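Colleague: pasted the sequence and its predicted model underneath.
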Amino acid sequence: MQAVLREKIIAVCSKKIEQKGENVGVSFYAFFANKNDEPELLMEAATWWIQTHQLDHFEKAKKIWQMVEEGM
């Protein structure tokens, strides 16, 4: 996973946890703006989320944060 994507995921998950608590859920779309201005990063996130880890559409932000921190 590219460092820029890793940093973005950690930042977004941390912010959502801080704002809404540890049970807040996220999808991989949470890491991107509504317009498709970073298609390569979006596909990398989708591949990591769907193909590599077979995660549900929504997962706990804390779980995703931990996975990225652990280098999964």
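Modeller: That came in fine, so what should we check first? Computed from a prediction, not measured in an experiment: that's the story for all the values here.

Colleague: rest of the way, CA atoms for contacts and neighbours
Modeller: Will do.

Colleague: and the top helix by length along the chain, which residues are buried?
Modeller: As assigned by DSSP state H, the longest helix anywhere in the chain is helix 3-20. Buried residues in helix 3-20, defined by neighbour count with 16 or more other Cα atoms under 10 Å: 5, 9-10, 12-14, 16-17.

Colleague: a markdown table please, covering the residues you listed and showing pLDDT and distance to H57.
Modeller: Output for the buried residues of helix 3-20, formatted as a markdown table (pLDDT from 0 to 100; distance: Cα to Cα, whole Å):
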| residue | pLDDT | distance to H57 |
| --- | --- | --- |
| L5 | 94 | 18 |
| I9 | 95 | 15 |
| I10 | 96 | 18 |
| V12 | 95 | 16 |
| C13 | 96 | 15 |
| S14 | 97 | 19 |
| K16 | 96 | 17 |
| I17 | 97 | 18 |
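
Colleague: what's the closest of those to A46?
Modeller: L5 (11.4 Å; Cα to Cα).

Colleague: nice, that's everything, thank you.
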